[in-house]
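Chemist: Let me see the structure of the following:
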Amino acid sequence: MPEQKSPLKQILNIRREEWPLALLMFGYFFLVITSFWILKPLKKSAFITFYKEAGFDLWGWQLTGSQAELIAKVLNMVVAIVAVTVFTLLVRSFRRQQLTYIFSAFFIVCYVLYTFVLDSAGDWTVWSFYLFGDLYSTLMVATFFAFLNDSVEPGAAKRLYGLIGLGGVAGGAFGSTIVRAQIKSLSYAEWLWICLGIGVAIGLIAMLVGRRVEGFEPAEPEPEPEEAKEAENPALEGARLVFRSRYLLAIVAIVGLYEMVSTIMDFQFTATIEHYLSGEEIGVQFSTVYALTNWVALFVQFFLTSFVMTRFGVGIALLFLPVAALAGSIGFMIFPALWIGSLLNTTDNGFSYSINQSAKEVLYVPTTRDEKYKAKAFIDMFVQRFAKALAVGLSLTITIVFAGFESVRWLSLLTGLILVLWIIAVRYVGRAFAEKEAAG
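Modeler: Sure, this is the predicted structure:
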(Lines give C-alpha, C1' and ligand atoms only; values in the text may rest on other atoms or scores of the structure.)
Protein backbone atom coordinates (compact mmCIF):
# COMPACT_ATOMS: atom_id res chain seq x y z
CA MET A 1 0.00 0.00 0.00
CA PRO A 2 1.44 3.44 -0.92
CA GLU A 3 2.43 5.74 1.91
CA GLN A 4 -0.38 8.16 2.77
CA LYS A 5 0.88 11.73 2.96
CA SER A 6 -0.35 14.20 5.56
CA PRO A 7 -2.47 17.18 4.44
CA LEU A 8 0.51 19.47 5.05
CA LYS A 9 2.77 17.37 2.82
CA GLN A 10 0.06 17.31 0.14
CA ILE A 11 -0.12 21.13 0.20
CA LEU A 12 3.67 21.45 0.12
CA ASN A 13 4.28 18.74 -2.50
CA ILE A 14 5.86 21.33 -4.77
CA ARG A 15 9.20 21.15 -6.57
CA ARG A 16 11.92 23.63 -5.65
CA GLU A 17 11.81 25.44 -8.99
CA GLU A 18 8.00 25.83 -8.72
CA TRP A 19 8.00 27.66 -5.38
CA PRO A 20 8.53 31.24 -6.68
CA LEU A 21 5.56 30.97 -9.07
CA ALA A 22 3.43 29.24 -6.43
CA LEU A 23 4.08 31.92 -3.80
CA LEU A 24 3.54 34.82 -6.19
CA MET A 25 0.26 33.36 -7.41
CA PHE A 26 -0.70 32.63 -3.77
CA GLY A 27 -0.21 36.34 -3.04
CA TYR A 28 -2.04 37.44 -6.19
CA PHE A 29 -5.09 35.31 -5.38
CA PHE A 30 -4.94 36.30 -1.68
CA LEU A 31 -5.25 39.98 -2.60
CA VAL A 32 -7.99 39.49 -5.21
CA ILE A 33 -10.17 37.56 -2.77
CA THR A 34 -9.38 39.90 0.12
CA SER A 35 -10.83 42.76 -1.94
CA PHE A 36 -13.82 40.64 -2.94
CA TRP A 37 -14.65 39.90 0.70
CA ILE A 38 -14.32 43.54 1.64
CA LEU A 39 -16.69 44.55 -1.16
CA LYS A 40 -19.23 41.74 -0.68
CA PRO A 41 -20.58 42.56 2.81
CA LEU A 42 -20.41 46.29 2.05
CA LYS A 43 -22.48 46.07 -1.15
CA LYS A 44 -24.94 43.59 0.37
CA SER A 45 -25.53 45.43 3.65
CA ALA A 46 -25.80 48.80 1.86
CA PHE A 47 -28.43 47.36 -0.49
CA ILE A 48 -30.49 45.42 2.09
CA THR A 49 -30.37 48.20 4.70
CA PHE A 50 -31.46 50.80 2.12
CA TYR A 51 -34.60 48.83 1.20
CA LYS A 52 -35.26 47.23 4.61
CA GLU A 53 -37.81 49.79 5.80
CA ALA A 54 -39.46 51.21 2.67
CA GLY A 55 -39.14 48.17 0.43
CA PHE A 56 -38.71 48.35 -3.33
CA ASP A 57 -41.58 49.21 -5.65
CA LEU A 58 -41.42 47.30 -8.95
CA TRP A 59 -44.29 48.38 -11.20
CA GLY A 60 -46.74 48.21 -8.31
CA TRP A 61 -45.20 45.13 -6.66
CA GLN A 62 -43.81 45.91 -3.23
CA LEU A 63 -40.69 43.78 -2.79
CA THR A 64 -38.56 43.23 0.30
CA GLY A 65 -34.86 44.03 0.26
CA SER A 66 -33.95 40.37 -0.32
CA GLN A 67 -36.41 40.15 -3.22
CA ALA A 68 -35.07 43.39 -4.70
CA GLU A 69 -31.59 41.84 -4.51
CA LEU A 70 -32.83 39.05 -6.78
CA ILE A 71 -33.64 41.70 -9.40
CA ALA A 72 -30.08 43.00 -9.03
CA LYS A 73 -28.80 39.48 -9.70
CA VAL A 74 -30.77 39.42 -12.97
CA LEU A 75 -29.21 42.75 -13.98
CA ASN A 76 -25.83 41.14 -13.33
CA MET A 77 -26.49 38.94 -16.35
CA VAL A 78 -26.62 42.04 -18.56
CA VAL A 79 -23.37 43.25 -17.00
CA ALA A 80 -21.87 39.80 -17.61
CA ILE A 81 -22.73 39.94 -21.34
CA VAL A 82 -20.84 43.22 -21.62
CA ALA A 83 -17.98 41.82 -19.50
CA VAL A 84 -17.53 38.66 -21.61
CA THR A 85 -17.56 40.75 -24.80
CA VAL A 86 -14.91 43.14 -23.48
CA PHE A 87 -12.83 40.28 -22.06
CA THR A 88 -12.90 38.37 -25.37
CA LEU A 89 -11.94 41.47 -27.35
CA LEU A 90 -9.00 42.15 -25.05
CA VAL A 91 -7.83 38.52 -25.17
CA ARG A 92 -7.29 38.92 -28.91
CA SER A 93 -4.43 41.33 -28.18
CA PHE A 94 -3.46 40.83 -24.53
CA ARG A 95 -2.85 37.96 -22.11
CA ARG A 96 -1.50 37.11 -18.67
CA GLN A 97 -0.22 40.17 -16.76
CA GLN A 98 -1.42 42.59 -19.45
CA LEU A 99 -5.05 41.74 -18.71
CA THR A 100 -4.39 42.21 -15.01
CA TYR A 101 -2.99 45.70 -15.62
CA ILE A 102 -6.04 46.71 -17.66
CA PHE A 103 -8.69 45.49 -15.23
CA SER A 104 -6.81 46.61 -12.10
CA ALA A 105 -6.61 50.14 -13.52
CA PHE A 106 -10.34 50.12 -14.28
CA PHE A 107 -11.29 49.10 -10.75
CA ILE A 108 -8.88 51.59 -9.16
CA VAL A 109 -10.63 54.41 -11.04
CA CYS A 110 -14.03 53.10 -9.86
CA TYR A 111 -12.85 52.97 -6.23
CA VAL A 112 -11.93 56.63 -6.41
CA LEU A 113 -15.33 57.56 -7.87
CA TYR A 114 -17.31 55.62 -5.25
CA THR A 115 -15.44 57.22 -2.33
CA PHE A 116 -17.31 60.45 -3.13
CA VAL A 117 -20.86 59.03 -3.23
CA LEU A 118 -21.19 55.83 -1.22
CA ASP A 119 -21.49 57.24 2.30
CA SER A 120 -24.59 59.22 1.24
CA ALA A 121 -26.05 56.53 -0.99
CA GLY A 122 -29.27 56.83 -2.98
CA ASP A 123 -31.10 54.38 -5.23
CA TRP A 124 -28.70 54.73 -8.16
CA THR A 125 -25.66 54.39 -5.92
CA VAL A 126 -26.71 51.21 -4.08
CA TRP A 127 -27.76 49.52 -7.32
CA SER A 128 -24.61 50.45 -9.24
CA PHE A 129 -22.36 49.54 -6.30
CA TYR A 130 -24.05 46.15 -6.00
CA LEU A 131 -23.41 45.49 -9.69
CA PHE A 132 -19.86 46.82 -9.36
CA GLY A 133 -19.10 44.33 -6.56
CA ASP A 134 -20.19 41.42 -8.75
CA LEU A 135 -18.31 42.80 -11.74
CA TYR A 136 -15.12 42.82 -9.67
CA SER A 137 -15.38 39.13 -8.86
CA THR A 138 -16.41 38.29 -12.44
CA LEU A 139 -13.46 40.01 -14.12
CA MET A 140 -10.65 39.75 -11.57
CA VAL A 141 -11.17 36.08 -10.68
CA ALA A 142 -11.55 35.14 -14.37
CA THR A 143 -8.40 37.12 -15.21
CA PHE A 144 -6.45 35.47 -12.41
CA PHE A 145 -7.36 31.91 -13.40
CA ALA A 146 -6.84 32.56 -17.11
CA PHE A 147 -3.34 33.83 -16.19
CA LEU A 148 -2.68 30.82 -13.96
CA ASN A 149 -4.08 28.17 -16.34
CA ASP A 150 -1.97 29.65 -19.14
CA SER A 151 1.21 29.35 -17.04
CA VAL A 152 1.32 25.70 -15.88
CA GLU A 153 1.15 22.13 -17.20
CA PRO A 154 -1.48 19.64 -15.93
CA GLY A 155 1.00 17.78 -13.72
CA ALA A 156 2.19 20.98 -12.09
CA ALA A 157 -1.41 22.17 -11.65
CA LYS A 158 -2.25 19.26 -9.35
CA ARG A 159 0.76 20.13 -7.19
CA LEU A 160 0.34 23.91 -7.23
CA TYR A 161 -3.40 24.54 -7.17
CA GLY A 162 -3.85 23.39 -3.58
CA LEU A 163 -1.41 26.00 -2.27
CA ILE A 164 -2.53 28.71 -4.71
CA GLY A 165 -6.19 28.04 -3.89
CA LEU A 166 -5.23 28.30 -0.23
CA GLY A 167 -4.16 31.87 -1.00
CA GLY A 168 -7.71 32.62 -2.11
CA VAL A 169 -9.42 31.15 0.92
CA ALA A 170 -6.83 32.76 3.22
CA GLY A 171 -7.66 36.08 1.55
CA GLY A 172 -11.33 35.39 2.17
CA ALA A 173 -10.73 34.62 5.84
CA PHE A 174 -8.53 37.69 6.23
CA GLY A 175 -10.79 40.11 4.35
CA SER A 176 -14.05 38.99 5.96
CA THR A 177 -12.50 38.92 9.46
CA ILE A 178 -11.12 42.45 9.07
CA VAL A 179 -14.53 43.70 7.91
CA ARG A 180 -16.23 41.92 10.83
CA ALA A 181 -13.88 43.58 13.30
CA GLN A 182 -14.00 47.09 11.79
CA ILE A 183 -17.37 47.35 10.03
CA LYS A 184 -18.64 49.93 12.55
CA SER A 185 -15.36 51.86 12.72
CA LEU A 186 -14.55 52.61 9.06
CA SER A 187 -16.64 54.46 6.49
CA TYR A 188 -17.38 53.11 3.03
CA ALA A 189 -14.83 55.56 1.57
CA GLU A 190 -12.09 54.28 3.90
CA TRP A 191 -12.79 50.68 2.89
CA LEU A 192 -12.53 51.65 -0.77
CA TRP A 193 -9.14 53.34 -0.24
CA ILE A 194 -7.96 50.04 1.24
CA CYS A 195 -9.22 48.21 -1.88
CA LEU A 196 -7.40 50.74 -4.06
CA GLY A 197 -4.09 49.99 -2.34
CA ILE A 198 -4.70 46.27 -2.82
CA GLY A 199 -5.35 46.88 -6.52
CA VAL A 200 -1.94 48.50 -6.91
CA ALA A 201 -0.29 45.54 -5.15
CA ILE A 202 -2.06 43.09 -7.48
CA GLY A 203 -0.60 44.88 -10.49
CA LEU A 204 2.91 44.69 -9.05
CA ILE A 205 2.63 40.95 -8.35
CA ALA A 206 1.27 40.35 -11.86
CA MET A 207 4.34 42.11 -13.27
CA LEU A 208 6.67 39.79 -11.32
CA VAL A 209 4.77 36.67 -12.37
CA GLY A 210 4.70 37.81 -15.99
CA ARG A 211 8.49 38.13 -16.03
CA ARG A 212 8.87 34.66 -14.55
CA VAL A 213 6.61 32.88 -17.09
CA GLU A 214 7.62 34.97 -20.09
CA GLY A 215 8.16 32.70 -23.09
CA PHE A 216 6.41 29.73 -21.45
CA GLU A 217 3.82 28.03 -23.68
CA PRO A 218 1.91 25.12 -22.08
CA ALA A 219 1.35 22.05 -24.22
CA GLU A 220 -2.22 21.96 -25.47
CA PRO A 221 -4.37 19.95 -27.87
CA GLU A 222 -4.21 21.04 -31.49
CA PRO A 223 -7.15 23.39 -32.07
CA GLU A 224 -9.51 22.70 -34.93
CA PRO A 225 -9.35 25.07 -37.95
CA GLU A 226 -11.20 28.33 -37.35
CA GLU A 227 -12.43 30.15 -40.43
CA ALA A 228 -12.92 33.91 -40.38
CA LYS A 229 -11.77 34.05 -36.78
CA GLU A 230 -11.13 37.77 -36.77
CA ALA A 231 -14.59 38.47 -38.16
CA GLU A 232 -16.39 36.57 -35.40
CA ASN A 233 -18.62 38.31 -32.91
CA PRO A 234 -16.50 38.51 -29.72
CA ALA A 235 -19.57 37.87 -27.59
CA LEU A 236 -20.07 34.50 -29.34
CA GLU A 237 -16.54 33.13 -29.74
CA GLY A 238 -16.53 31.45 -26.34
CA ALA A 239 -20.03 30.06 -26.87
CA ARG A 240 -18.99 28.47 -30.18
CA LEU A 241 -16.07 26.71 -28.50
CA VAL A 242 -18.29 25.47 -25.68
CA PHE A 243 -20.98 24.00 -27.93
CA ARG A 244 -18.37 22.09 -29.96
CA SER A 245 -17.10 20.20 -26.90
CA ARG A 246 -18.97 17.68 -24.73
CA TYR A 247 -16.30 18.17 -22.10
CA LEU A 248 -16.89 21.93 -21.92
CA LEU A 249 -20.66 21.38 -21.94
CA ALA A 250 -20.26 19.18 -18.87
CA ILE A 251 -18.38 22.03 -17.18
CA VAL A 252 -21.25 24.33 -18.20
CA ALA A 253 -23.67 21.95 -16.46
CA ILE A 254 -21.59 21.95 -13.26
CA VAL A 255 -21.23 25.73 -13.23
CA GLY A 256 -24.84 26.44 -14.18
CA LEU A 257 -26.43 23.99 -11.75
CA TYR A 258 -24.17 25.21 -8.95
CA GLU A 259 -25.17 28.83 -9.62
CA MET A 260 -28.85 27.91 -9.45
CA VAL A 261 -28.41 26.13 -6.12
CA SER A 262 -26.14 28.86 -4.74
CA THR A 263 -28.53 31.66 -5.76
CA ILE A 264 -31.49 30.00 -4.09
CA MET A 265 -29.50 29.27 -0.93
CA ASP A 266 -28.16 32.83 -0.84
CA PHE A 267 -31.71 34.17 -1.12
CA GLN A 268 -32.77 31.93 1.78
CA PHE A 269 -29.76 33.16 3.78
CA THR A 270 -30.50 36.85 3.03
CA ALA A 271 -34.25 36.50 3.65
CA THR A 272 -33.56 34.83 7.00
CA ILE A 273 -31.34 37.68 8.20
CA GLU A 274 -33.78 40.29 6.88
CA HIS A 275 -36.64 38.53 8.69
CA TYR A 276 -34.97 38.23 12.08
CA LEU A 277 -32.75 41.36 12.26
CA SER A 278 -32.77 45.10 11.52
CA GLY A 279 -30.48 48.16 11.45
CA GLU A 280 -26.78 47.68 12.14
CA GLU A 281 -27.43 44.09 13.20
CA ILE A 282 -27.90 43.19 9.52
CA GLY A 283 -24.38 44.26 8.54
CA VAL A 284 -22.89 42.65 11.65
CA GLN A 285 -24.60 39.31 10.93
CA PHE A 286 -23.54 39.33 7.28
CA SER A 287 -19.91 40.05 8.20
CA THR A 288 -19.96 37.45 11.02
CA VAL A 289 -21.29 34.71 8.76
CA TYR A 290 -18.85 35.61 5.99
CA ALA A 291 -15.93 35.44 8.41
CA LEU A 292 -17.07 32.02 9.68
CA THR A 293 -17.58 30.79 6.12
CA ASN A 294 -14.10 31.78 5.07
CA TRP A 295 -12.44 30.16 8.05
CA VAL A 296 -14.29 26.93 7.21
CA ALA A 297 -13.09 27.30 3.60
CA LEU A 298 -9.53 27.82 4.84
CA PHE A 299 -9.73 24.63 6.91
CA VAL A 300 -11.13 22.63 3.97
CA GLN A 301 -8.53 24.01 1.55
CA PHE A 302 -5.63 23.26 3.88
CA PHE A 303 -6.64 19.79 5.03
CA LEU A 304 -8.66 18.39 2.11
CA THR A 305 -8.09 19.98 -1.29
CA SER A 306 -4.61 18.77 -2.31
CA PHE A 307 -5.02 15.50 -0.42
CA VAL A 308 -8.29 14.61 -2.16
CA MET A 309 -7.26 15.77 -5.66
CA THR A 310 -3.93 13.94 -5.68
CA ARG A 311 -5.11 10.76 -3.96
CA PHE A 312 -8.71 10.36 -5.15
CA GLY A 313 -8.91 12.59 -8.23
CA VAL A 314 -10.67 15.73 -9.40
CA GLY A 315 -14.02 13.96 -9.83
CA ILE A 316 -14.23 13.04 -6.15
CA ALA A 317 -13.14 16.53 -5.12
CA LEU A 318 -16.04 18.00 -7.12
CA LEU A 319 -18.59 15.93 -5.14
CA PHE A 320 -17.90 17.60 -1.78
CA LEU A 321 -19.89 20.77 -2.50
CA PRO A 322 -23.18 19.22 -3.70
CA VAL A 323 -23.18 16.87 -0.70
CA ALA A 324 -22.65 19.82 1.70
CA ALA A 325 -25.35 21.85 -0.09
CA LEU A 326 -27.80 18.97 0.24
CA ALA A 327 -27.14 18.67 3.98
CA GLY A 328 -27.63 22.40 4.51
CA SER A 329 -30.85 22.51 2.50
CA ILE A 330 -32.38 19.61 4.43
CA GLY A 331 -31.48 21.31 7.72
CA PHE A 332 -33.10 24.61 6.72
CA MET A 333 -36.24 22.93 5.41
CA ILE A 334 -36.69 21.20 8.79
CA PHE A 335 -35.84 24.20 11.01
CA PRO A 336 -35.62 27.65 9.33
CA ALA A 337 -34.10 29.56 12.29
CA LEU A 338 -31.65 32.52 12.10
CA TRP A 339 -28.43 30.55 12.43
CA ILE A 340 -29.63 27.55 10.40
CA GLY A 341 -30.43 29.95 7.56
CA SER A 342 -27.15 31.78 8.09
CA LEU A 343 -25.19 28.54 7.87
CA LEU A 344 -26.58 27.92 4.38
CA ASN A 345 -23.91 30.40 3.30
CA THR A 346 -21.25 28.36 5.10
CA THR A 347 -22.30 24.98 3.69
CA ASP A 348 -22.28 26.53 0.22
CA ASN A 349 -19.28 28.84 0.14
CA GLY A 350 -17.17 26.96 2.68
CA PHE A 351 -16.70 24.30 -0.01
CA SER A 352 -17.24 26.45 -3.11
CA TYR A 353 -14.32 28.79 -2.37
CA SER A 354 -11.97 25.96 -1.43
CA ILE A 355 -11.99 22.41 -2.77
CA ASN A 356 -14.63 23.00 -5.46
CA GLN A 357 -12.91 26.12 -6.83
CA SER A 358 -9.53 24.41 -7.08
CA ALA A 359 -10.93 21.23 -8.63
CA LYS A 360 -13.09 23.13 -11.11
CA GLU A 361 -10.19 25.26 -12.30
CA VAL A 362 -7.99 22.20 -12.87
CA LEU A 363 -10.59 21.02 -15.41
CA TYR A 364 -9.43 23.77 -17.80
CA VAL A 365 -5.73 22.86 -17.73
CA PRO A 366 -5.88 20.20 -20.52
CA THR A 367 -7.77 22.54 -22.89
CA THR A 368 -6.56 24.80 -25.71
CA ARG A 369 -5.48 28.40 -25.15
CA ASP A 370 -8.70 29.71 -26.75
CA GLU A 371 -10.74 27.45 -24.48
CA LYS A 372 -8.78 28.65 -21.43
CA TYR A 373 -9.52 32.29 -22.20
CA LYS A 374 -12.60 32.59 -24.42
CA ALA A 375 -14.66 29.49 -23.53
CA LYS A 376 -13.87 29.89 -19.85
CA ALA A 377 -14.82 33.57 -19.96
CA PHE A 378 -18.16 32.67 -21.57
CA ILE A 379 -18.81 30.05 -18.87
CA ASP A 380 -17.65 32.12 -15.91
CA MET A 381 -19.28 35.37 -16.99
CA PHE A 382 -22.37 34.51 -19.03
CA VAL A 383 -23.38 30.95 -18.05
CA GLN A 384 -23.03 31.76 -14.34
CA ARG A 385 -25.23 34.84 -14.65
CA PHE A 386 -27.80 33.15 -16.91
CA ALA A 387 -28.20 30.26 -14.44
CA LYS A 388 -28.45 32.79 -11.63
CA ALA A 389 -31.24 34.59 -13.52
CA LEU A 390 -33.18 31.31 -13.86
CA ALA A 391 -32.87 30.71 -10.12
CA VAL A 392 -33.94 34.30 -9.44
CA GLY A 393 -37.11 33.82 -11.50
CA LEU A 394 -37.99 30.63 -9.65
CA SER A 395 -37.29 32.15 -6.23
CA LEU A 396 -39.30 35.31 -6.94
CA THR A 397 -42.25 33.38 -8.35
CA ILE A 398 -42.46 31.00 -5.40
CA THR A 399 -42.05 33.69 -2.70
CA ILE A 400 -44.51 36.09 -4.35
CA VAL A 401 -47.19 33.46 -4.97
CA PHE A 402 -46.69 31.92 -1.54
CA ALA A 403 -46.12 35.08 0.50
CA GLY A 404 -44.37 35.21 3.85
CA PHE A 405 -41.11 33.95 5.30
CA GLU A 406 -42.47 30.41 5.66
CA SER A 407 -42.46 29.97 1.88
CA VAL A 408 -38.68 30.46 1.77
CA ARG A 409 -37.96 27.11 3.40
CA TRP A 410 -39.70 25.13 0.63
CA LEU A 411 -37.20 26.36 -1.93
CA SER A 412 -34.97 23.63 -0.51
CA LEU A 413 -37.10 21.05 -2.34
CA LEU A 414 -36.11 22.70 -5.61
CA THR A 415 -32.41 22.70 -4.73
CA GLY A 416 -32.61 18.99 -3.98
CA LEU A 417 -33.82 18.22 -7.52
CA ILE A 418 -31.10 20.37 -9.06
CA LEU A 419 -28.43 18.67 -6.94
CA VAL A 420 -29.24 15.28 -8.50
CA LEU A 421 -28.49 16.64 -11.99
CA TRP A 422 -25.34 18.34 -10.67
CA ILE A 423 -23.96 15.09 -9.27
CA ILE A 424 -24.58 13.31 -12.60
CA ALA A 425 -22.61 16.03 -14.43
CA VAL A 426 -19.76 15.78 -11.92
CA ARG A 427 -19.49 12.03 -12.46
CA TYR A 428 -19.18 12.52 -16.23
CA VAL A 429 -16.64 15.34 -16.16
CA GLY A 430 -14.51 13.54 -13.58
CA ARG A 431 -14.14 10.55 -15.92
CA ALA A 432 -13.51 12.80 -18.94
CA PHE A 433 -10.78 14.72 -17.13
CA ALA A 434 -9.07 11.48 -16.08
CA GLU A 435 -9.07 10.35 -19.74
CA LYS A 436 -7.59 13.66 -20.94
CA GLU A 437 -4.94 13.53 -18.23
CA ALA A 438 -3.97 9.98 -19.17
CA ALA A 439 -3.84 10.87 -22.88
CA GLY A 440 -1.78 14.04 -22.34
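Chemist: Now Phe330. Nearest residue, chain neighbours left out?
Modeler: Not quite, residue 330 is Ile, not Phe. Ser412 (6.9 Å; CB to CB, 6 or more residues apart in numbering). Bear in mind the C-beta positions are built from the backbone N, C-alpha and C, glycine included.
Chemist: how distant is the host helix or strand of that neighbour from the center of its chain?
Modeler: Element membership of Ser412, judged by DSSP states H and E, is helix 411-439. Its chain's average C-alpha position is 18 Å from that of helix 411-439, according to CA atoms, centre = their mean, to the nearest Å.
Chemist: tell me which strands and helices that helix is in contact with?
Modeler: Here helix 411-439 touches helix 246-276, helix 314-317, helix 320-334, helix 384-401, going by 3 or more CB pairs under 8 Å, 6 or more residues apart in numbering; DSSP states H and E.
Chemist: Give the rounded mean pLDDT of the longest one.
Modeler: Going back to what we said before, that points to helix 246-276. The average pLDDT within helix 246-276 is 93.
Chemist: Now do the buried residues in the helix or strand that that helix is followed by.
Modeler: Following helix 246-276 in sequence order, the next helix or strand is helix 280-300 (DSSP H and E). If you call a residue buried by 16 or more other CB atoms under 10 Å, then helix 280-300 has these buried ones: 282-298, 300.
Chemist: Name the surrounding residues that touch helix 280-300.
Modeler: 37, 40-41, 44-45, 48-49, 52, 166, 169-170, 172-173, 175-177, 179-180, 183-184, 269, 273-274, 277, 320, 338, 342-343, 345-346, 349-355 (CB atoms under 8 Å, 6 or more residues apart in numbering).
Chemist: by how many degrees do that helix and helix 320-334 diverge?
Modeler: Put simply, helix 280-300 runs at 140 degrees to helix 320-334, going by axes from the mean of the first three to the mean of the last three CA atoms, to 10 degrees.
Chemist: pLDDT weak spots in this protein?
Modeler: 1-12, 53-54, 121, 154, 158, 215-235, 401-403, 440 (pLDDT under 70).
Chemist: The residue nearest the centre of it: what secondary structure?
Modeler: Taking CA atoms, centre = their mean as the criterion, Ser137 is the residue nearest the geometric centre of the chain, at 6.5 Å. Using DSSP: H, G, I helix; E, B strand; the rest coil, the structure places Ser137 in helix.
Chemist: So it versus Val32, what's the distance?
Modeler: According to CB to CB, to the nearest Å, Ser137 and Val32 sit 9 Å apart.
Chemist: For the longest helix along the chain, buried residues please.
Modeler: Ranked by residue count and defined by DSSP state H, the top helix of the chain is helix 19-52. For helix 19-52, burial by neighbour count (16+ other CB under 10 Å) applies to 21-22, 24-52.
Chemist: ok and it relative to helix 280-300, angle-wise?
Modeler: Using the same axes, to 10 degrees, helix 19-52 lies at 160 degrees relative to helix 280-300.
Chemist: next SSE after helix 19-52?
Modeler: strand 56-58.
Chemist: returning to that earlier point: which strands or helices does the longest helix of the chain pack on?
Modeler: Counting contacts by 3+ CB pairs under 8 Å, 6+ apart, helix 19-52 packs against helix 65-91, helix 123-136, helix 142-149, helix 154-182, helix 188-213, helix 246-276, helix 280-300.
Chemist: Make a markdown table out of those helices and add distance to Arg427.
Modeler: Formatted as a markdown table, these follow (distance: least, CB to CB, whole Å):
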| stretch | distance to Arg427 |
| --- | --- |
| helix 65-91 | 28 |
| helix 123-136 | 30 |
| helix 142-149 | 23 |
| helix 154-182 | 20 |
| helix 188-213 | 34 |
| helix 246-276 | 10 |
| helix 280-300 | 21 |
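Chemist: Of all those helices, which one is nearest Met381?
Modeler: Relative to Met381, the nearest member of the helices and strands packed on helix 19-52 by CB to CB is helix 65-91, separated by 4.0 Å.
Chemist: now the angle from the closest one to helix 280-300?
Modeler: Using the same axes, to 10 degrees: helix 65-91 against helix 280-300 is 50 degrees.
Chemist: following helix 65-91, which helix or strand comes up?
Modeler: helix 97-115.
Chemist: Against Tyr130, how distant is the residue lying closest to Phe129 once chain neighbours are set aside?
Modeler: If the residues on either side of it in the chain are set aside, Phe129 comes closest to Lys43, at 5.3 Å by CB to CB, 6+ apart. Taking CB to CB as the measure, Lys43 falls 5 Å from Tyr130.
Chemist: before we move on, what about Gly27?
Modeler: Gly27 is 28 Å from Tyr130, by CB to CB.
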